[in-house]
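**Q** need coordinates for the following:
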Amino acid sequence: MASAEYVEVDQTSLPSIRESLEGLEIFLTGATGFVGKAFVEKVLRSVPNVGRIYVLARGKKDKTAQERIDAIFASSLFARCREEHPDFTSKVTVISGDINEEGLGISEEDVQMMAGKVSVIIHSAAQVRFDQHLKYALRSNLVGTQRMVELARKFRSLKTFVHVSTAYVNCHNPRTDEKVYKTEYPPQELMNAMEWMDEGLIEKITPHLLQGRPNTYLLTKQLTEHWLLENATDLPICFYRPSVVCPTYSEPFEGWCDTLYGPMGFIVAMGKGLLRTILMDVKTELDILPLDICVNMLVAITWRMLVQPPKELMIFHGCSTPINPNSYGYVHNTVCSGFREYPYNTIYARPRIHFHQSHMVYRIEKFLFHMVPAYIYDAALWVAGQKPQLVRLYRNIHAGIEATAYFRMMDFEWQMDSYQGLLDMMSQEDRQTFNFDMKSIDWNLYWKRFVIGTKQFILREDMSEENIQKAKKQYITMRMRRFMWNAVVALALSRVLSNFTWIRQWATKFLSMLKLSIQTFPIMARILMT
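**A** Presented below is the predicted three-dimensional model:
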């Protein structure tokens, strides 16, 4: 089914986003995730008169669901909320549950409490690991969504259901349009088969089931969309497909992030001087979505579904490449510039990466530049009575590189009609408060903020001028060491090459003498015979 066409409307006839969300009650899954927690922060800060947000969360280890959410509210992400709206937590109700349990693990009492109140569902919970076993990825992403649909049917006041998918749902093809791509096999039948199959057998057939897709996550997201198309279009549902979500562009703070998942891990490893080589085509375009841009678009989609319900399924792509592209080569150079200005406190080498499309060259450099130093470093730790750590770290880095190499070796295209239509519907005030215009992103500024954000929020380093200057001195020292090492290597090579020149001259003389001997041998033989 194609995405619904945008019908031009008079902006002045539509209520603003704030007006539309005031008094509404929202049910959110994935509230402890990167996008989910940022969505809660944005709504509470920009729409303080929202009715209530019910957040689904599960207990983990020694923390209850409530304690996990309280810890998020006490984090740096909510600093502005705590300052501007001190009682913001009164707008949030934690619902204990789990998408992997029957009925989402929600008590009947909580279901009845929400049934007549919730108007909006944001389903962003998902299993995002690329290497997850297919059976368990299906249970979280497909079955979890099926359970969400069952709950949605009990919400008598439901006005919109936003299913958060991924822009790479059709990544085994170069272009993705605003339509649902059906899988080669019925989703429910595949899930039923997974339940009785042995896990070893599933692992053997998974490469065939992927049909060119790089991982089980993307297969299960496509299966979920397929199932929703066939079983849930009677609900006021739409799909939101964001690209790779990275640190914020401007709000609530520039460069905010709290995870090493995805590009953030690579950037930190690069900044530390640990990542020296990677599989990548530098000309390939990198499609990322700053977290605040992603969340603002999610809020705007919710508003769009409320004020102008479409007659058929709508799909929104949150992608930057079609509108404001940047290549991996540009990103690398810009990030390196950022590290010169804001280096990390502790680095092992000057941040710089070698890019390779050749798997063989990458493996050689991986061994020479990563594993050899790692084994030497860990051996020194072992001798000192400390626990080795670098080899294990590099194995994790390599697993991440190889799991995501597919996306760094080719370009992708997305249809952006719904995005543009949504932007055109919004008033100037809403565009400023809930900005998701990809053209407004200054990539040079963003990558600098990205570097600062990883330093400040992930590594939690002191951002005082004194500390930054100290880190710069260390960075310059590393550059000087690198320069001296290169000079030593160049000198050694020149000596070796000079020796090769002497050997070549000696070999030339030897071959000339040998040739002369061969030529004179018959003459000498005849003389000796006479």
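
**Q** quick check, distance from stretch 117-133 to the centre of its chain.
**A** Mean C-alpha position of stretch 117-133 versus that of the full chain (Cα atoms, centre = their mean, to the nearest Å) differs by 15 Å.

**Q** can you list the buried residues in it?
**A** Across stretch 117-133, burial judged by 16 or more other Cβ atoms under 10 Å covers 117-128, 130, 132. C-beta coordinates here come from the backbone N, C-alpha and C atoms, glycine included.

**Q** which residue ranges of the stretch 101-250 of the chain form helices?
**A** All helices of the stretch 101-250 of the chain, identified by DSSP state H, counting those that start in this stretch, fall at 108-115, 134-138, 144-152, 187-196, 199-210, 216-231.

**Q** ranking those helices by burial, who's on top?
**A** Across the helices of the stretch 101-250 of the chain, averaging neighbours per residue (mean count of other Cβ atoms under 10 Å) puts helix 216-231 on top, at a mean of 23.

**Q** I'd like to check the angle between it and helix 187-196, please.
**A** For helix 216-231 against helix 187-196, the angle between stretch directions is 130 degrees (axes from the mean of the first three to the mean of the last three Cα atoms, to 10 degrees).

**Q** one step back: in strands, which of the buried residues of stretch 117-133 fall?
**A** Of the buried residues of stretch 117-133, the ones assigned to strands by DSSP state E are 118-123.

**Q** in JSON lines, list the residues you listed along with distance to Pro207 and pLDDT.
**A** Output for those, formatted as JSON lines (distance: Cβ to Cβ, whole Å; pLDDT from 0 to 100):
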{"residue": "Val118", "distance to Pro207": "41", "pLDDT": "96"}
{"residue": "Ser119", "distance to Pro207": "43", "pLDDT": "96"}
{"residue": "Val120", "distance to Pro207": "39", "pLDDT": "97"}
{"residue": "Ile121", "distance to Pro207": "35", "pLDDT": "97"}
{"residue": "Ile122", "distance to Pro207": "34", "pLDDT": "98"}
{"residue": "His123", "distance to Pro207": "29", "pLDDT": "97"}
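
**Q** could you single out the nearest of those residues to Leu56?
**A** Leu56 has its nearest neighbour among these in His123, at 9.4 Å by Cβ to Cβ.

**Q** beta partners for that closest one?
**A** On the basis of DSSP bridges, His123 is bridged to Thr29, His163.

**Q** verify the stated contact: it with Val162.
**A** Yes: at 7.0 Å, His123 and Val162 qualify as touching, with contact defined as Cβ atoms under 8 Å.

**Q** contacts only, for Glu203.
**A** 133-134 (Cβ atoms under 8 Å, 6 or more residues apart in numbering).

**Q** coming back round to it: how about the ones in strands among the buried residues of stretch 117-133, which pair is most distant?
**A** Applying Cβ to Cβ across those, the maximum distance is between Ser119 and His123, 14.4 Å.

**Q** what residues does Phe412 make contact with?
**A** 167-168, 171, 174-176, 285, 287, 321.

**Q** can you pick the most crowded of these?
**A** Tyr168 (25 neighbours; other Cβ atoms under 10 Å).

**Q** verify the contact between that residue and Thr404 for me.
**A** No: using Cβ under 8 Å, Tyr168 makes no contact with Thr404, being 10.7 Å away.

**Q** common neighbours of these two, please.
**A** Counting by Cβ under 8 Å, 6+ apart, Tyr168 and Thr404 have no common neighbour.

**Q** returning to what we had before: adding distance to Val149, write the buried residues of stretch 117-133 out as CSV.
**A** What follows is the buried residues of stretch 117-133, written out as CSV (distance: Cβ to Cβ, whole Å):
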residue, distance to Val149
Lys117, 19
Val118, 14
Ser119, 16
Val120, 15
Ile121, 9
Ile122, 14
His123, 9
Ser124, 15
Ala125, 13
Ala126, 15
Gln127, 17
Val128, 20
Phe130, 25
Gln132, 22
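
**Q** spatially, which two of the residues you listed are the most separated?
**A** Of all the pairs that the buried residues of stretch 117-133 form, the one spanning the most space (Cβ to Cβ) is Lys117 and Phe130, at 37.1 Å.

**Q** wait, is Lys366 part of a helix?
**A** Yes: assigned with DSSP: H, G, I helix; E, B strand; the rest coil, Lys366 falls within a helix.

**Q** who are the contact partners of it?
**A** Shown in contact with Lys366 (Cβ under 8 Å, 6+ apart): 277, 398.

**Q** what about it, distance to Gln474?
**A** 26 Å (Cβ to Cβ, to the nearest Å).

**Q** Ser76 too?
**A** In terms of Cβ to Cβ, Ser76 sits 25 Å off from Gln474.

**Q** kindly report the same for Phe130.
**A** To Gln474, Phe130 is 35 Å away according to Cβ to Cβ.

**Q** low pLDDT regions in the stretch 251-400 of the chain?
**A** The stretch 251-400 of the chain contains no residues with pLDDT under 70.

**Q** what segments of it are strands?
**A** Along the stretch 251-400 of the chain, counting by DSSP state E, counting those that start in this stretch, strands occupy 277-279, 288-290, 314-318, 354-356.

**Q** among those, which is nearest Gln66?
**A** strand 288-290 (30.0 Å).

**Q** for the nearest residue to Phe266 once chain neighbours are set aside, which residues are in contact?
**A** Closest residue in space to Phe266, ignoring its immediate chain neighbours: Leu275 at 6.3 Å, by Cβ to Cβ, 6 or more residues apart in numbering. Going by Cβ under 8 Å, 6+ apart, Leu275 touches 266, 269, 353, 397.

**Q** name the pair among those residues with the greatest separation in space.
**A** The widest separation within the contacts of Leu275, taken as Cβ to Cβ, falls between Ile353 and Ile397 and amounts to 11.7 Å.
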